[in-house]
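[1] Predicted coordinates and the sequence they were generated for:
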Amino acid sequence: MPEDLPYTRPFWEALAEGDFLLQTCDVCDHAYFPPAPVCPDCHGDRVSWTEIDATGEIYAYTRQHRTADGFESPIVLATVDLDAGPRVLVRMDDEYAELEIGAPVEIRSVDYAGGLDRGWLADYPFFRGVLR
Ligand SMILES: [Zn+2]
């Protein structure tokens with residue numbers, strides 16, 4: 001895991017409360033994920049946090065049979081187009097055969113149960129997608 005990235009800390013603290021935050025650029029109004037210290041669109045460095053309903057729909061999905069150390073196998077992953085705009089890569093709680101493109105998804109905070117050393121994030125939850 002990377003060393004402490006203080007600009008991501010508000011995201012993890014909100015997630016621990018069950019909330020999902022996006023950053024929005026104060027210059028061009030672009031909403032994006034993952035958090036970054038500058039806007040990936042215009043490189044403006046004035047960004048704000050916005051709490052959103054973490055809902056969206058599946059853009060694409062896959063089942064990964066060979067996984068990195070610390071992850072069981074297989075795992076089901078999806079890219080989800082959030083209703084708030086950005087596309088997010090999430091691990092899904094649902095079975096691969098249950099998913100379809102365009103299916104509605106909610107992203108939830110979950111306790112991290114994997115074996116990966118998450119460094120300073122060890123006490124924070126992670127997030128997963130689930131069909132609505
Ligand atoms: Zn911008």
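    Thanks, I have it. Numbers count the residues shown, from 1 in each chain.
[2] Please make it C-alpha for all contacts and neighbour counts, starting now.
    OK.
[3] Is it correct that E13 is in contact with F126?
    No - with contact defined as C-alpha atoms under 8 Å, E13 does not reach F126; the gap is 10.8 Å.
[4] So which bits of this protein are right by the ion?
    Selection of the chain residues close to the ion by C-alpha under 5 Å from the ion yields C25, C28, C39, C42.
[5] Which ones among the residues you listed map onto helices?
    Cross-referencing the residues of the chain next to the ion against helices under DSSP state H gives no overlap.
[6] neighbours of R91, just the number please.
    By other C-alpha atoms under 10 Å, 19 other residues sit near R91.
[7] and the residue of the chain most remote from its centre, how far is that from I52?
    The centre of the chain is farthest from one residue, V27, which by C-alpha atoms, centre = their mean lies 23.5 Å away. To I52, V27 is 20 Å away according to C-alpha to C-alpha, to the nearest Å.
[8] what do you get for F71?
    Taking C-alpha to C-alpha as the measure, F71 falls 28 Å from I52.
[9] any chance you could map the helices in the chain?
    According to DSSP H, the helices that the chain contains are 9-16.
[10] what's the longest strand in it?
    As assigned by DSSP state E, the longest strand anywhere in the chain is strand 55-64.
[11] what does that one contact?
    With contacts defined as C-alpha atoms under 8 Å, 6 or more residues apart in numbering, strand 55-64 is touched by 73-84, 96, 99-107.
[12] for stretch 112-130, same thing?
    1-4, 12-13, 15-16, 69-72, 90-94, 105-111.
[13] Show me which of those residues are buried.
    Among the contacts of stretch 112-130, those scoring as buried are W12, E13, L15, A16, V90, R91, M92, V105, E106, I107, R108, S109 (criterion: 16 or more other C-alpha atoms under 10 Å).
[14] show me what contacts the fourth one?
    What that stands for is A16. Going by C-alpha under 8 Å, 6+ apart, A16 touches S109, Y124, P125.
[15] sorry, back to before: just the buried residues from the residues of the chain next to the ion, in PyMOL please.
    Burial among the residues of the chain next to the ion is assessed by 16+ other C-alpha under 10 Å; the matching PyMOL selection reads:
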select buried, resi 25+39
